[in-house]
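**Q** What shape does this take:
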Amino acid sequence: MEGNRVPENNLLLVVTAFISGMSIMALEMSASRLLAPYFGTSLFVWTNIIGITMISLSIGYYYGGRIADGKTDSKPMFRVLLGTGSFAVLIPFFAPIVMSVSQGAVRSGSAGVFYGSMLGTILLFAPPITALGGVSPYVIRLSTSGDGSYGTVAGRVFAVSTVGSILGTFL
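**A** From the prediction side, this is the model:
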């Protein structure tokens, strides 16, 4: 075990970062498929998908880092991931209801497409993407032991997560 690690299962943490990145991109790509029948695939829809994803990740990174401070146990992170996975599995079942409500909420041409797809994206995809955004800071915290190697560890975690995102794009 390298000197920049706490006694956590490093392989498990690396795999967690990879799967988290893959899941984020898979959710983002599936959002376009779920929104298309209701709002189409216009630039308005993609703007909302990408924008809400980025906002959700930013919130997740911030709060994930705050929650991870002082933690030395991965169990809370895995509990959140279990809840996130459970939520994500239910998205296809709730999507027709949420999308119909979102579609009906605003009915004025392109403004309706923009605001309706925004509402649907926020309700269905922001919660799991926000939670998944919190994984990388948590993994970084569990992978460092205070020897000053935070940059190396953070770079490694974000690289692995990004490779997972690339794979998630093709799923």
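
**Q** Grab the most central residue of this protein for me.
**A** residue 129 (2.7 Å; C-alpha atoms, centre = their mean).

**Q** correct me, but that residue touches residue 54?
**A** No: with contact defined as C-beta atoms under 8 Å, residue 129 does not reach residue 54; the gap is 9.3 Å. Using the backbone N, CA and C atoms, a C-beta is placed for each residue, glycine as well.

**Q** just to revisit the earlier point, just the element for the residue nearest to the centre of the chain, please.
**A** Element membership of residue 129 [criterion: DSSP states H and E] is helix 109-133.

**Q** helices or strands next to that helix in the packing?
**A** helix 10-39, helix 43-68, helix 75-105 (3 or more C-beta pairs under 8 Å, 6 or more residues apart in numbering; DSSP states H and E).

**Q** Quick one: distance of it to the chain centre.
**A** Helix 109-133 has its C-alpha centroid displaced from the chain centroid by 13 Å (C-alpha atoms, centre = their mean, to the nearest Å).

**Q** how big is the angle separating the very next helix or strand once past it from helix 75-105?
**A** Downstream of helix 109-133, the first helix or strand assigned by DSSP H and E is helix 135-142. Inter-element angle recorded for helix 135-142 and helix 75-105: 170 degrees (by axes from the mean of the first three to the mean of the last three C-alpha atoms, to 10 degrees).

**Q** Residues in contact with the helix or strand just after helix 135-142: which ones?
**A** Using DSSP H and E, the helix or strand that follows helix 135-142 towards the C-terminus is helix 150-170. For helix 150-170, contacts defined as C-beta atoms under 8 Å, 6 or more residues apart in numbering pick out 4, 13-14, 17-26, 28-29, 135-136, 139-140, 143-144.

**Q** Buried ones among those?
**A** With burial judged by 16 or more other C-beta atoms under 10 Å, the buried subset of the contacts of helix 150-170 is 4, 13-14, 17-26, 28, 135-136, 139-140, 143-144.

**Q** Identify the residues contacting the nearest residue to residue 71 once chain neighbours are set aside.
**A** Distances taken as C-beta to C-beta, 6 or more residues apart in numbering put residue 141 closest to residue 71, at 6.1 Å, once the chain neighbours are dropped. By C-beta under 8 Å, 6+ apart, the contact list for residue 141 reads 65, 68, 69, 71.

**Q** low-scoring stretches of the protein, by residue?
**A** 1-9, 108-110 (pLDDT under 70).

**Q** what about 80?
**A** The model of the chain has pLDDT under 80 over residues 1-9, 70-71, 105-111, 145-149, 171.

**Q** where does residue 134 fall, phi/psi-wise?
**A** phi -80, psi -10 (degrees, to the nearest 10).

**Q** List the contacts of residue 69.
**A** The contact partners of residue 69, by C-beta under 8 Å, 6+ apart, come to residue 141.
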